[in-house]
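Quick one: sequence and predicted model below, then my questions.
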Amino acid sequence: MLRIERGIVMFVLFDGTKYPMKIWQKDINTIEDSCIEQAQHLADLPFIHKWVALMPDTHTGMGMPIGGVIATKGVIIPNSVGVDIGCGMNFIDTDIDAADVKELMTGNGSGVQAIIGNFMRNIPVNTARHNEPQMCESIDRAMQEIDRYQDNPELLPLLEDGYFQVGTLGGGNHFVELQEDDNGKLCIMIHSGSRHLGKAICDYFNKKAAALNEMYYSSVPAEHRLAFLPVDSAEGKSYINWMNLAMDYAFENRARMMDVAKKAVTDIVKKYLDRDVIYGEEINCHHNYAALENHFGKNVWVHRKGANRARVGDKAVIPGAMGSYSYVVEGLGNPDSFTSSSHGAGRAYSRTGAMQRFTTEEVMRDLHEQGVILGKAKKNDVAEECRFAYKDIDEVMEQQSDLVRPIRKMKTVGVLKG
């Protein structure tokens, strides 16, 4: 029987499932039916701890909704971490007035145009990679600890391949942005993950989990795409090893791109404004991963698929969309969300839907009117990632006022997209 209990910014949905669903939305009718159906599948899993949590940016994913959080007892679900293991954000602010960079003229246009052009030349996007292997501490460590990975020889070639992909952006919703914060200062924000490494790991272990679940007559329907691995099994331990490697790799991938971005900003500021740049605290956080945590007195595996960890004092980054606003936030440690928050604005249109609804000309005109410099080689698919394809970030922030506290708001001034 359907029953809804409403709170101030969250409601609890009881719909005949084993466990309830806590949803940070004002109205269930604003959520896709397919997203609710996926949440119901999660809420019927026998190993769920307490409830399923959906963040205000939630939308349909693969098996589990994006913007979903679950805690599990004794098992881990590859598809509830997702294919881009360790995907997340990196942010840093500067002491430079954004107006100074926007207004100065270089041999390559404005300061923003020159910096975005530098990004395009030095950060490979989409499927592009470096021609030569790069320094990569996370892969170096994996090579030194190769015994931890030997049980999965099919995945070992990914290690060598990783040297060529570290410091690359990818495509889709990944980006490198120049932003202006609410104090008028220039900031840099990066969204990327573990590239091919994470996808290959997820696909490999999801297939293993599906085969094992079929062999042992799991009660979890295969069509729900929620195949699981017991964490004390050989396969579960191997997945955790590889997942943690992908998380470390994603963290380093963002850090390497941030080094390139900082150099581009520093070079322009030094050359044309004749001053140094002072950078603030770097915030590098994942929003696709699983971790062993203690909640309500139990050690459980918290799966955050498109969600930030938001313990008391945790700093995280919540992007809107290009040409929109983004936020740096501080966690409030709400136990109802397993101390989590949204990871972004969340899609209002699918990629296909956005392409059908908005034209390239409309999007480019909108960016031009806002003064946003776009660095993108092919613009025919730009509508997929336009700000109209996403929910209003300010509404999303309002709906999670009990999860995080905004401490900085930023607006896009230039962006590199795949």
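Happy to help now that I have it.

Surely Lys73 and Phe47 touch.
Yes: contact between Lys73 and Phe47 holds when scored by C-beta atoms under 8 Å: they sit 4.8 Å apart. Where C-beta positions appear, they are placed from N, C-alpha and C, glycine not excepted.

gap between Pro153 and Met143?
From Pro153 across to Met143, the span is 15 Å (C-beta to C-beta, to the nearest Å).

Of the two, which one has the most company?
Met143 (15 against 8; other C-beta atoms under 10 Å).

for the more buried one, what are its contacts?
With contact taken as C-beta atoms under 8 Å, 6 or more residues apart in numbering, Met143 is in contact with Leu159.

now Arg309
Arg309 sits next to 285-286, 291, 316, 331, 339-340 when contact means C-beta under 8 Å, 6+ apart.

gap between it and Asn122?
According to C-beta to C-beta, Arg309 stands 31 Å off from Asn122.

ok, back up a step: could you single out the nearest of the contacts of Arg309 to Tyr239?
Of all these, Ala291 has the smallest distance to Tyr239: 13.3 Å, by C-beta to C-beta.

give me the number of residues near the closest one?
By other C-beta under 10 Å, 16 other residues sit near Ala291.

does it really touch Ala307, like I thought?
No: contact criterion C-beta under 8 Å: Ala291 and Ala307 do not qualify, at 11.6 Å.

Could you check the biggest strand by length in the chain and say which residues are buried?
The longest strand of the chain (DSSP state E) is strand 404-417. Using 16 or more other C-beta atoms under 10 Å as the test for burial, strand 404-417 gives 404, 408-417.

For stretch 20-38, the averaged confidence score.
Mean per-residue pLDDT for stretch 20-38: 93.

What's the separation between the spatially most central residue of the chain and Val265?
For the chain, the residue nearest the mean C-alpha position is Gly88 (3.9 Å; C-alpha atoms, centre = their mean). According to C-beta to C-beta, Gly88 and Val265 sit 21 Å apart.

Then Val317?
From Val317 to Val265 the distance is 18 Å (C-beta to C-beta).

remind me which residues of the stretch 151-300 of the chain are low pLDDT?
Judged against pLDDT under 70, the stretch 151-300 of the chain has no low-scoring part.

Show which residue of the protein lies farthest from the average position.
Relative to the centre of the chain, the most outlying C-alpha is that of Asp274, 36.0 Å out, by C-alpha atoms, centre = their mean.

for that one, what are its contacts?
Asp274 makes no contacts at all, as judged by C-beta under 8 Å, 6+ apart.

Check Cys202 too.
Counted by C-beta under 8 Å, 6+ apart, Cys202 has contacts 78-79, 81-83, 85.

Correct me if wrong, but it is in a strand.
No: checked against DSSP: H, G, I helix; E, B strand; the rest coil, Cys202 lies outside a strand; its state is helix.

if I look at the closest residue to Glu137 other than its chain neighbours, how far off is Leu197?
Nearest residue to Glu137 in three dimensions, chain neighbours excluded: Glu252, at 6.3 Å (C-beta to C-beta, 6 or more residues apart in numbering). Using C-beta to C-beta, one gets 11 Å for the distance from Glu252 to Leu197.
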